[in-house]
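1. output the structure for:
(chains A and B)
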Amino acid sequence: MLSFQQVTKRYGALTALDGVSLDIAPGEFFGLLGPNGAGKSTLMSIAAGLRPPTSGSVTLSGITMSANEASSRLSLGLVPQHIALYQELSAEQNLEIFGGLYGLQGKDLRARVHAALEAVQLADRRRDQVKTFSGGMQRRLNIVSALLHRPKVLLCDEPTVGVDPQSRNAIFEYLEQLNREGLSIIYSTHYMEEATRLCSRIGIIDHGKILALGSLEQLLTKLPFEEEIRFPAEAATGPLVERLRRGGEMVSDEETHRFRPRPDFPLSDFYRETESLALPARLFTVQRPTLEGLFLHLTGRKLRE
Amino acid sequence: MNVVLTLLRKDFALLARNRGALVLAFIVPMIVIYIVGLVFGLGRADSGPSGIPLAVVNQSDSPAAAKLVEALQAEKSFRLITTINNPDKTSRPLTEADLEPMIRDRKFSYAVVLPADLVSDSRLGLHLKVLSDPRNDIESQMVDGILEKTIFSNVPQLLGQSLQARARSFLGQPQYESFNRDLADNIARRFGGDADKIRQRIESGDFGLDRLGGSGTGSSASSSNSSGGTGDLFSRVLAVDRVQVVGKEVKSPAATRIIGGYAVMFLLFALSNSSSAFFEEKNTGIFQRVLSGPVSRGQLLWSRFLYGVLFGLMQLMALFFAGKVLYGVDVTAHFGPLIVVCLCVAGACTAFGMLLATVTKSAQAANSLATLLVITMSACGGAWFPVSFMPVFMQQVAKFTLVYWSIEGFNAVLWAGNGLGGMLPILGILVAFIAAAMGIAVWKFNRSSIFD
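-> Model (predicted):
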């Protein structure tokens, strides 16, 4: 449905996107996971036709998205990272303006505005100025403002930045409902938990390149281990690090050692070594592989560094 | 104490980062002081107005009239115009018939006719004609004063000539010559000197009257008028026919003169501030939302231009109608042309705001630059004081300001009562400004990355 073919974007010497190819299927909830500056917003803005790629192309249902051709953007809705609303105007006025830009008018526009406000539980505040809304309410309004023209694809560029957990949950439920109704969603985030919860397929992006692509399960199989054993980096555990290193990958920082055993490494060897060093069991935790771990494995750094 | 010093250091660090505040605090006042200083002659040897165009038609063959023209020529406040260019690029002396049309065409606002009967043998005294377009009250009063000063400096000799002419007419040539010869002989006998030279001075009208009032040494018109002695005498013997060529029908001259300048200044401020909204929409992602829909950058920019023009039109009309209600400015009699001028002025001011918004990188930078330019243009362009009060080079600079041409447009309608045909050059300049400013704004807006 939405297809990126070898999309590259350069700003002078900086390459923001480097040959990104990606296909989004109808009804898919796709997550674009990466740290700040990875190229997520650039990819979103190119998808929205706001910037032209330096090379490559983006097509939606076969039509090339273009910064110069406004009609190519009719099937898209964009939820910007910022709360892109007129703060001095009411919720209703904002929606009427954004709906009007898509040619909606009269009864149809009013009906869609009413339905949108109902959907995000803002109908009773429709005449209030947006600036009087809480952050969560503004975020919800920010999302429905992109839906009035009933797009086929919704681009959400980190739509929950600065939102409290309760409001975030409400937004997730609303987006999941929209996706169940058939809307394709591309959701960019640097929160692993959001991508894990919402997305049926995830692309991990860093330095303008898609490093890994697939469902959560598919991505986690890319890790050369199934579990990770963590223990604190202190004097008593120092000898253990040396003894375990031959049985798998050891990643350490100032506070924690992470031991990722090879599949053929017998756990009985691990217990023997800890017993021989008289290390108590409370020092050790076993962690299932995560996207954070995958990102660390792929890039050598954490998602939020 | 350390806390206070830390907070103090913080304030100066913030100030150093705030270019807008620095511009408003230091650059804008300096420019205003400089311009006002130029107006009041500070730092200039030649204070007061300079280079005001003054047409002079000399129909008199009197040598004193020629001397009066020379005196006007020497007056630095005036730039004398005595000839007119023919279509074949040759020139000819101005005639009295040329003056009124040329004043209406804004070639100049003041003209002096020295008629053939400047010195007449049928009456005692002098006769002059002054034509004017007093659309700028301060300038007009200043020109009157300088004209009077210059004329009064030469009145004594002219008055002597007038006396001689009357005597010749009354006595007849033989008796007139005999009278002057006897008078010169008596003076030579009593006080010494060459009788022939004394007679020549008497016949040329040089009785030394200028030394009575001291006006010959260049005293101002006001001091001549208020001296109560010779000044009053000269005033009584000087007959000036004053003809106001333009603006005679204006009901409220003072208000009509000033309202345009202030209207355009406040419009510029209002529309320049709207560039902040431009940045606000950019920074809050509204541009992204709007442009991700079926909206082009051109539509975004031109819709804002249209808003600015309509807002400007409303503001200008509100100000002019306030002028009508409060001071009786005759707005309704010129409603059609006034609307057209207001549209062009609002368009030019909006284009100015759009240009600022697209060539600057932040709302703060746009606001600072706007304040700097609006105040400078208002001061230079004639919104605060007449352009002629500034040095000649500044008068040329004024013609490159939006304020100058906006005031010209308003005056053309409200003061001169011009129809659209008479305003085409002014409207053309305003429209050209709109085209140039919007051309650059569109080019910059289309090239700029508004999503960074």
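2. enumerate every residue touching A:Glu28.
-> Going by C-beta atoms under 8 Å, 6 or more residues apart in numbering or on different chains, A:Glu28 touches A:1, A:184-185, A:200-201. For glycine as for every other residue, the C-beta is placed from the backbone atoms N, C-alpha and C.
3. now, those that are in strands?
-> Using DSSP state E, the subset of the contacts of A:Glu28 located in strands is A:184-185, A:201.
4. what's near enough to touch the residue in the stretch 201-305 of chain A positioned nearest to chain B?
-> The nearest approach of the stretch 201-305 of chain A to chain B comes at A:Gly208, 15.8 Å away (C-beta to the nearest C-beta). Applying C-beta under 8 Å, 6+ apart, we find A:Gly208 in contact with A:9, A:15-18, A:20, A:38-39, A:42.
5. backbone phi and psi for it, please?
-> phi 80, psi 10 (degrees, to the nearest 10).
6. what's the local residue count around residue 153?
-> Assuming you mean chain A. A:Val153 sits with 22 neighbouring residues when counted by other C-beta atoms under 10 Å in any protein chain shown.
7. my bad, chain B
-> Counted with other C-beta under 10 Å, the neighbours of B:Ser153 add up to 23.
8. per-residue pLDDT, it?
-> B:Ser153 carries a pLDDT value of 73.
9. what helix or strand does it sit in?
-> Assigned by DSSP states H and E, B:Ser153 belongs to helix B:137-171.
10. one more: A:Leu211?
-> Counting by DSSP H and E, A:Leu211 is part of strand A:209-214.
11. ok, residues contacting the helix or strand just after that strand?
-> Once strand A:209-214 ends, the next helix or strand along the chain (criterion: DSSP H and E) is helix A:216-220. Contact with helix A:216-220 is made by A:196, A:199, A:202, A:204, A:212-213, A:289-291, A:294, as judged by C-beta under 8 Å, 6+ apart.
12. also stretch B:271-283?
-> Counting by C-beta under 8 Å, 6+ apart, A:82, B:286-287, B:290, B:304, B:308, B:311-312, B:346, B:349-350, B:352-354, B:356-357, B:360, B:362-363, B:366-367, B:370-371, B:373-374, B:450 sit against stretch B:271-283.
13. how far off centre is it?
-> Put simply, stretch B:271-283 sits 34 Å off its chain's centre (C-alpha atoms, centre = their mean, to the nearest Å).
14. buried residues, it. List them.
-> B:271-276, B:278-279, B:281-282 (16 or more other C-beta atoms under 10 Å in any protein chain shown).
15. save these as JSON lines, and put in pLDDT too.
-> Shown next, in JSON lines, are these (pLDDT from 0 to 100):
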{"residue": "B:Leu271", "pLDDT": "77"}
{"residue": "B:Ser272", "pLDDT": "72"}
{"residue": "B:Asn273", "pLDDT": "69"}
{"residue": "B:Ser274", "pLDDT": "70"}
{"residue": "B:Ser275", "pLDDT": "74"}
{"residue": "B:Ser276", "pLDDT": "76"}
{"residue": "B:Phe278", "pLDDT": "80"}
{"residue": "B:Phe279", "pLDDT": "83"}
{"residue": "B:Glu281", "pLDDT": "85"}
{"residue": "B:Lys282", "pLDDT": "83"}
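16. so which of those residues sit within helices?
-> Mapping these onto helices (DSSP state H) picks out B:271-276, B:278-279, B:281-282.
17. where does pLDDT dip in the stretch 201-305 of chain A?
-> In the predicted model of the stretch 201-305 of chain A, residues A:224-225, A:301-305 satisfy pLDDT under 70.
18. strands along that one, start to end?
-> Here the stretch 201-305 of chain A has its strands, by DSSP state E, counting those that start in this stretch, at A:201-206, A:209-214, A:228-232, A:248-252, A:256-261, A:285-287.
19. before we move on, the earlier item: now flag whichever of the buried residues of stretch B:271-283 is closest to B:Phe26.
-> B:Ser272 (19.7 Å; C-beta to C-beta).
20. pull the residues that contact stretch A:43-52.
-> For stretch A:43-52, contacts defined as C-beta under 8 Å, 6+ apart pick out A:2, A:4, A:7, A:9, A:17, A:20, A:32, A:42, A:53, A:58, A:65-70, A:72-73, A:76, A:78, A:155, A:157, A:186, A:188, A:205, B:288, B:291-292, B:449, B:451.
21. hmm, 7 Å instead?
-> A:2, A:7, A:9, A:17, A:20, A:32, A:53, A:58, A:65-67, A:72-73, A:76, A:78, A:155, A:157, A:186, A:188, B:288, B:291-292, B:451 (C-beta atoms under 7 Å, 6 or more residues apart in numbering or on different chains).
22. what about the helices in the stretch 51-200 of chain B?
-> Ranges of helices in the stretch 51-200 of chain B, per DSSP state H, counting those that start in this stretch, are B:63-74, B:96-104, B:137-171, B:173-191, B:195-203.
23. packing partners of the strand or helix carrying B:Leu343?
-> Using DSSP H and E, B:Leu343 sits within helix B:335-359. If you count contacts as 3 or more C-beta pairs under 7 Å, 6 or more residues apart in numbering or on different chains; DSSP states H and E, helix B:335-359 packs onto helix B:253-283, helix B:297-327, helix B:363-381, helix B:402-414, helix B:420-447.
24. tell me the angle the second one makes with helix B:420-447.
-> Orientation check (axes from the mean of the first three to the mean of the last three C-alpha atoms, to 10 degrees): helix B:297-327 against helix B:420-447 gives 140 degrees.
25. and the gap between A:Met137 and A:Leu117?
-> The gap separating A:Met137 from A:Leu117 is 11 Å, by C-beta to C-beta, to the nearest Å.
26. again with B:Pro53
-> In terms of C-beta to C-beta, B:Pro53 sits 67 Å off from A:Leu117.
27. looking at these two, which is more packed in?
-> Remark: of B:Pro53 and A:Leu117, A:Leu117 carries more neighbours, 20 against 16, as counted by other C-beta under 10 Å.
28. rewinding a little: buried among the contacts of stretch B:271-283? Make that a ChimeraX selection.
-> Selection of the buried residues among the contacts of stretch B:271-283 in ChimeraX, burial being defined by 16+ other C-beta under 10 Å:
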select /A:82 /B:286,287,290,304,308,311,312,346,349,350,352,353,354,356,357,360,363,366,367,370,371,373,374,450
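29. which among the ones in strands among the contacts of A:Glu28 gets closest to B:Gly260?
-> A:Ile185 (57.0 Å).
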